[in-house]
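>>> Coordinates for the following, if possible.
(2 chains)
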Amino acid sequence: MSDSDITTTARDFIREAIAEDLSNGRFDGRFQTRFPPEPNGYLHVGHAKAIGLNFEVAAEFGGHCNLRFDDTNPLKEEQEFVDAQIADISWLGYEPASVLYTSDYFGQLYEWALQLIESGHAYVDDLSQEEIRAYRGTLTEPGTESPYRNRSVEENLDLFKRMKAGEFPDGAKVLRAKIDMSSPNVNLRDPVMYRIRHASHQRTGDDWCIYPMYDWAHGQSDSIEGVTHSLCSLEYLNHRPLYDWYLDSLEVYHPRQIEFAKLEFTYTVTSKRRLMRLVEEDRVAGWDDPRMPTLAGQRRRGVPAKALRDLCEHVGIARTNSTVEIELLDHFIRQELNRTAMRVMGVLDPLPVVITNYPEGETEWVEAVNNPEDEDAGSRTIPFSRNLLIERDDFMEDPPRKFFRLAPGREVRLRWGYFIRCEEVIKNDRGEVVALHCSYDPDTKGGYAPDGRKVRGTIHWVSADHAVPAEVRLYDRLFNVEDPFDVPEGQDFMASLSPDSLSVQNEVQLEPSVRELAVGQTVQFERKGYFCLDPDSADDNLVFNRTITLRDTWARIQSQTRRKGKGRR
RNA sequence: UGGGGGAUAGUUUAAUCGGCAAAACACCUGACUCUGGAUCAGGCGUUCGGGGUUCGAAUCCCUGUCCCCCAGCCA
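Reported below is the predicted structural model:
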């Protein structure tokens, strides 16, 4: 590929910048990125954008992308999160060239801090946290210099070494960069480089009691690794001058930071802090609860990684803050699953049907197509017998107009089976429908009538004698408003939590072929939606999560007529 | 008169050096269908406001408005 090809195929401003740097020879033709999460929580759908961008540009421009854990704060980080993040990235479909840790650079970072002290660019400050805040000034007023700002190099060196040696308690001192207390960019008002934290780190144990701040660690880590383009979110724009300042002051290799907008969605929150609250306050079953926007949650729900990748590609890279409608993700999930998921029949809310003219005790096997979108998926057989189960809402005793399903005297097709006609409605003492007596037409096997007569409705069913019971967890949106932060005065996003985000169906009956399913596999229950076999399943107790419903035109018709009816009154 | 970033259909994005404003989702019609699924056809609707330059402006200039980020010893 020639340079001009690279430029003309650039799809966004970041790819343009990369192409330009590459053709200028700015980084000697080298190209390298990194995805740098802090292991303080689980990765979520918003991260998919940054992950995809970093890994995909690396592949496109012939470079590589590392995973680097930005593990500079032992108070918040855990090995569990490291492991989970590695698994999630792999599930998304990307493989880091290397897995690296900022904590591996603590030694080098310390040496560089000494260097900055020696060159007069850093000092030890005894001010308390509150004092430092007060001295920093405000957004509109300049700060004031610390009384400790002009200590001698010798004193700073001595103090900093003693900080590292553990001579001082937490918070007693910090190392600060000496930049400009009156800078209009508050990040440049002598930012803290090191704080004292007598805490064990998940990787370095008790080797250190001083830990570097993000700004001091990040650019230098990029530099050590040879990253060429350090891609990060918009909030770091204000930090770029500092990123550049440290690298320039150290006179080391200097990568280029470029910022882009994060990905956010309606009807959810994406911030590790808030997701943490949902988990800790038991509003969900854990980080991988299928209602969670975490990658682990989405995976468990049955969302294909491809859907997330497709969405990110569609959304693109820009500098505009944006909130994508969750319906767009739904679209990509359905698009992918429609193509790939095997079809299966399952009745969520069963109503017994007796085929009165079908011989008792007899079973025959009908052929069913596995996936009409994929010829190679083949077919399977399903047992048919006298005792069937159909979906309760596929029958109405007194059907409204436009209801095409079963009703007294009416004929429908059992998918892949026979035409049946409802002859009798059986009720209990309370007048509730408990069963249907139907007749079948033996000439319609496979679903075709030799006389060419048509039926409006085709419904799914299972043979009661052969069905496999299961538990199905139906998920709805975790939050019931587009913007969870849109709450009354004095309340927070937790108030937007939907009370109905999970309902469990325990009476579900499925066709026998579901016994072959693997945990994590997503199939379509015909006419109902996509469902994923959950790890909670046991041999005698299958558990499915509903990934997403099918598009439901009937539901729309119903809500429309309901609306119209109301309007007339 | 703190600094920085941003604004194109309901949403997210395109639009080569200033040259016909477009796609997907969503929504609405209709066709087709052994999933009220899928598919197909059609419809809806857009350059933040006001000036200016120009034959021609989403794009350039001036001006105004609105939104986002920053005052952690978080990242």
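
>>> got the phi/psi numbers for A:V344?
A:V344 adopts backbone torsions of phi -150, psi 150, taken as degrees, to the nearest 10.

>>> wait, it sits on A:S513?
Yes - with contact defined as CB atoms under 8 Å, A:V344 counts as touching A:S513 (6.2 Å). C-betas here are computed from N, CA, C, even on glycine.

>>> More neighbours: which of these two?
For the pair A:V344 and A:S513, the greater number of neighbours falls to A:V344 (24 against 18), based on other CB atoms under 10 Å.

>>> Could you find the closest non-adjacent residue to A:R421?
Spatially, and ignoring its direct neighbours in sequence, A:R421 is nearest to A:E411 (4.5 Å; CB to CB, 6 or more residues apart in numbering).

>>> Count residues in the vicinity of that neighbour, would you?
A:E411 has 21 neighbours, counted by other CB under 10 Å.

>>> Would you confirm that it contacts A:R456?
No - taking CB under 8 Å as the definition, A:E411 is not a contact partner of A:R456, at 9.0 Å.

>>> List the buried residues of stretch A:231-238.
Neighbour-count burial for stretch A:231-238, counted by 16 or more other CB atoms under 10 Å, picks out A:L231, A:C232, A:Y236.

>>> for stretch A:287-300, that is, sorry about that
Of the residues in stretch A:287-300, those with enough neighbours to count as buried (16+ other CB under 10 Å) are A:287-300.

>>> Columns pLDDT and distance to RNA strand B on top of the residues you listed, output as TSV?
Listed next are the buried residues of stretch A:287-300 as TSV, based on pLDDT from 0 to 100; distance: CB to the nearest atom of the strand, whole Å:
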residue	pLDDT	distance to RNA strand B
A:W287	98	18
A:D288	98	22
A:D289	98	23
A:P290	98	20
A:R291	98	20
A:M292	98	20
A:P293	98	16
A:T294	98	16
A:L295	98	17
A:A296	98	19
A:G297	98	21
A:Q298	98	17
A:R299	98	22
A:R300	98	22
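
>>> taking these one by one, which sit in helices?
Judged by DSSP state H, the buried residues of stretch A:287-300 include A:L295, A:A296, A:G297, A:Q298, A:R299, A:R300 as members of helices.

>>> Could you tell me the phi and psi values at A:H198?
With angles defined as degrees, to the nearest 10, A:H198 sits at phi -80, psi 80.

>>> how many other residues sit next to whichever residue of chain A sits closest to RNA strand B?
Going by CB to the nearest atom of the strand, RNA strand B is nearest to A:G447 of chain A, at 1.9 Å. Using other CB under 10 Å, A:G447 is surrounded by 16 other residues.

>>> Please tell me I have it right and it contacts A:I420.
No - between A:G447 and A:I420 there is no contact, the gap being 11.1 Å when judged by CB under 8 Å.

>>> intersection of neighbour lists for these two?
Between them, A:G447 and A:I420 share the neighbouring residues A:L414, with contact defined by CB atoms under 8 Å, 6 or more residues apart in numbering.

>>> residues touching the residue nearest to A:R421, list them.
A:F419, A:I420, A:R421, A:C422, A:V455.

>>> Let me know the secondary structure of A:S230.
Per DSSP: H, G, I helix; E, B strand; the rest coil, the secondary structure class of A:S230 is strand.
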